[in-house]
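A.B. asks: how would this look folded up:
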Amino acid sequence: GNWIGPALLMATSGLDFLSSQSQPLSQDEIENNSSQQDTFAFLGLNTQGSQETTQTATATTATTAPTDGSSATWRGLEEDSSLPEPEGITVTDIAGPKAEVPVMTFDEQFVDEDIEQSRELPEHACCYCGIHDPACVVRCNLPGCRKWFCNSRGRTSGSHIINHLVRSKHKEVCLHPKSPLGETILECYNCGSKNAFLLGFIPAKSESVVVLLCREPCLHSNQLQDMDWDASQWLPLIEDRRFLPWLVKVPSEGEQLRARQISAQQINKLEEMWKANPSATLEDLEKPGADDEPSPVQFYYEDAYHYQNVLGPLVKLEADYDKKLKESQTQDKITVRWEFALNQKRVAYFLYPKEDNEIRLVAGDELRLRFAGDANHPAWNCVGHVVRLTANEEVAVELRSSQNVPTDVTTNFSVDFVWKSTSFDRMQNAMKTFAIDETSVSAYLYHKLLGHAMDNIQLRVNTNPKRYSAPGLPELNHSQVSAVRSVLSRPLSLIQGPPGTGKTVTSATIIYHLVKQNQGQVLVTAPSNVAVDQLTEKIHQTKLKVVRLCAKSREAVSSPVEFLTLHYQVRHLKNKEELTKLQQLKDDQGELSTADEKKWKQLKRATEREILSSCDVICTTCVGAGDPRLMNFRFKQVLIDESTQATEPECLIPIVMGAKQVVLVGDHCQLGPVIMCKKAARAGLFRSLFERLVMLGIRPIR
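C.D. replies: Now for the predicted structure:
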């Protein structure tokens with residue numbers, strides 16, 4: 001076997017690879033030959049070699065004994081020649097001489113299978129079952145993995161290599177150097193794509209050549225017609241969840257029976273273990289503590305310490321998984337174009353490969369842009385945050401510093417994710433506050449959140465509105481009016497409504513009436529920035545004074561309610577001349593002197609406190625409620641929109657800021673929070689606070 005570029009050639013000895021007289025076999029002949037696994041003709045093209053040549057290759061292959069004690073040498077379907085012969089029988093080699101086998105004792109005839117399996121396996125042995133025939137194994141070619149797997153199914157529905165690729169979300173593979181096709185990386189002839197799940201083959205019309213092409217976009221490219229390839233003959237390399245046998249041989253039944261037996265459940269656990277420890281083996285699953293599962297979430301908790309001890313480890317598991325996942329998303333060979341932003345900061349634009357990763361880029365994500373350096377430029381790196389994703393799928397990253405940026409270089413950059421623990425730290429701090437601060441929530445809410453039995457109580461309503469619809473918002477229907485009336489007198493309310501039932505208008509109306517009760521500022525949160533922006537816009541229509549608090553990493557991200565954001569109001573406050581001058585100077589020069597920087601920070605913090613203290617409603621994300629700028633604020637009334645899409649510790653962040661009245665809005669029949677770590681999800685972190693309270697018997701208002 002050989003390659004023409006990335007195109008795959010398959011033939012035996014005696015074939016002129018580029019001969020114009022060579023004719024490819026039909027598909028029927030390919031299928032027939034693929035079953036003849038004791039010759040090289042299984043590769044599936046017209047070899048045009050003589051019968052004697054094929055027989056010689058077969059005989060040589062079938063009778064060559066392994067020299068290293070392993071079964072690494074290709075033997076087709078013959079029995080293992082290393083097995084002991086019975087007593088008194090002599091073996092005749094092809095060359096003719098006789099060799100007597102030593103008489104075996106009784107103990108030697110019964111070889112312990114466990115001892116046989118415990119032999120040191122070669123590096124290319126399947127990480128699942130241990131099969132190590134070079135023709136049967138494939139290497140996962142992703143840097144950092146590079147593990148070997150075979151093409152047998154074992155006890156699973158798919159081959160071991162396909163199982164690994166699917167579970168690990170890897171896509172690139174390489175054949176073994178001693179396989180019939182040699183050390184070959186499977187890739188598209190036209191575009192170089194190495195995604196094995198998109199690759200297929202086409203037999204060329206005029207040559208004994210099989211060409212690898214990806215399904216999208218190259219299969220439908222006009223270039224195929226120029227190269228005289230029939231796209232209708234394209235077939236995928238993976239069929240019925242295994243590689244085609246002419247490409248990667250399926251181990252014989254005897255080899256599979258001798259191999260280590262592994263279940264789908266063990267494969268799942270091993271793949272999970274590899275994410276934390278890439279060198280882990282199947283034996284590590286049997287070690288004490290390797291299979292330990294965290295304590296599952298409860299419906300009832302004894303106290304807040306019990307609550308923290310159960311949910312804290314789950315948040316830690318999710319944080320560790322998220323960190324490892326994001327830090328593994330490095331992309332190299334990135335081409336960058338440079339621009340200046342309106343604030344005179346450098347912005348890098350580049351195409352970030354859109355693969356089916358578990359994570360995706362969103363505005364506000366922090367990235368590190370790196371350049372390794374060359375003869376004319378020193379090594380450079382800088383952190384920035386995503387300000388937007390353009391229509392042509394370009395990522396715009398605004399750099400923190402504009403100093404020493406290699407703007408005359410546009411190629412060979414690398415991009416890393418910068419993982420931030422902020423969200424998870426705030427969840428842990430909220431659970432700690434819930435446990436040690438008696439004033440974090442009212443006594444009634446404390447017991448209700450822990451699942452303790454409590455008699456329902458009614459709150460004293462300072463004002464009993466005659467008209468429940470809020471100014472500037474659509475008129476409420478009967479069910480919406482009933483929901484608003486019920487919520488205003490309850491310390492804990494759940495509002496359930498499918499999409500399109502007017503939950504946002506109802507929530508804005510509830511917030512309007514909560515403000516009119518004069519209990520202090522109202523804190524409004526949601527797990528996503530989009531949901532917060534939508535609710536902020538509705539609240540603004542009621543003429544209430546509302547401030548939208550954004551994370552600092554999102555201040556450069558455009559928003560439909562930008563004029564309501566805290567950073568916008570700070571910049572455009574008219575009676576703060578000194579702050580305005582220092583801000584203008586910082587924008588022009590990029591930095592301030594030490595004294596001016598200190599003064600600017602003091603004036604900015606004072607202005608932020610002034611704006612936040614004077615508003616009626618503060619809107620932010622659930623995680624944003626833990627922002628240091630809100631540290632000294634207390635909120636008696638809290639509303640959480642889309643609460644069923646947030647984890648329970650996430651919902652706790654705004655609640656433990658002094659809540660006495662909590663309103664949860666959502667629909668537990670829709671999608672819940674997304675949990676990346678399977679172990680944390682199995683333990684129940686996927687269950688929202690809204691859903692748990694429903695299971696405890698609190699009936700949501702519909």
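
A.B. asks: Please make it C-alpha for all contacts and neighbour counts, starting now.
C.D. replies: Fine.

A.B. asks: which stretches of this structure have low pLDDT?
C.D. replies: Confidence mapping of the chain against pLDDT under 70 gives the ranges 1-119, 204-208, 222-228, 289-291, 342-344, 354-359, 462-464, 590.

A.B. asks: could you point out the longest helix in it?
C.D. replies: helix 304-327 (DSSP state H).

A.B. asks: how about the helices of the stretch 151-300 of the chain, start to end?
C.D. replies: Assigned by DSSP state H, counting those that start in this stretch, the helices in the stretch 151-300 of the chain fall at 160-168, 223-226, 253-258, 264-276.

A.B. asks: Same question for the last one: list its buried residues.
C.D. replies: The reference is to helix 264-276. Buried positions in helix 264-276, judged by neighbour count with 16 or more other C-alpha atoms under 10 Å: 267, 270-273.

A.B. asks: picking that back up, identify the residues contacting the longest helix of the chain?
C.D. replies: Applying C-alpha atoms under 8 Å, 6 or more residues apart in numbering, the external contacts of helix 304-327 come out as 275-276, 294-297, 301, 359, 416-421, 424, 427-428, 431-432, 434-435, 450, 649, 675-677, 679-680, 683, 685.

A.B. asks: Adding distance to residue 642, write the helices of the stretch 151-300 of the chain out as TSV.
C.D. replies: Conversion of the helices of the stretch 151-300 of the chain to TSV gives the following (distance: least, C-alpha to C-alpha, whole Å):
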stretch	distance to residue 642
helix 160-168	31
helix 223-226	50
helix 253-258	51
helix 264-276	31
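
A.B. asks: Please name whichever of these is nearest to residue 384.
C.D. replies: Closest approach to residue 384 among the helices of the stretch 151-300 of the chain (C-alpha to C-alpha): helix 264-276, 27.3 Å.

A.B. asks: Convert the closest one to PDB, retaining C-alpha atoms only.
C.D. replies: Taking Å, rounded to 0.1, in the frame of the first residue of the first chain, the C-alpha atoms of helix 264-276 are listed here in PDB:
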ATOM      1  CA  ALA A 264     -19.600  -0.800  27.700                       C
ATOM      2  CA  GLN A 265     -19.900   0.400  31.300                       C
ATOM      3  CA  GLN A 266     -16.200  -0.200  31.900                       C
ATOM      4  CA  ILE A 267     -15.400   1.700  28.700                       C
ATOM      5  CA  ASN A 268     -17.500   4.700  29.900                       C
ATOM      6  CA  LYS A 269     -15.700   4.700  33.200                       C
ATOM      7  CA  LEU A 270     -12.300   4.400  31.600                       C
ATOM      8  CA  GLU A 271     -13.000   7.200  29.200                       C
ATOM      9  CA  GLU A 272     -14.000   9.400  32.100                       C
ATOM     10  CA  MET A 273     -10.900   8.500  34.000                       C
ATOM     11  CA  TRP A 274      -8.700   9.400  31.000                       C
ATOM     12  CA  LYS A 275     -10.000  13.000  31.100                       C
ATOM     13  CA  ALA A 276      -8.300  13.400  34.500                       C
END
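
A.B. asks: quick revisit: which element follows the longest helix of the chain toward the C-terminus?
C.D. replies: Later in the chain than helix 304-327, the nearest helix or strand by DSSP states H and E is strand 331-334.

A.B. asks: how about whichever helix or strand comes after that following strand: buried residues?
C.D. replies: Later in the chain than strand 331-334, the nearest helix or strand by DSSP H and E is strand 336-340. Across strand 336-340, burial judged by 16+ other C-alpha under 10 Å covers 336, 338.

A.B. asks: So what are the sheet partners of strand 336-340 and their directions?
C.D. replies: Applying DSSP bridges, strand 336-340 is found paired with strand 346-351 (antiparallel).

A.B. asks: Quick one: distance of the partner strand to the chain centre.
C.D. replies: 23 Å (C-alpha atoms, centre = their mean, to the nearest Å).

A.B. asks: what residues does it touch?
C.D. replies: Under C-alpha under 8 Å, 6+ apart, the answer for strand 346-351 is 334-341, 393-399, 401-402.
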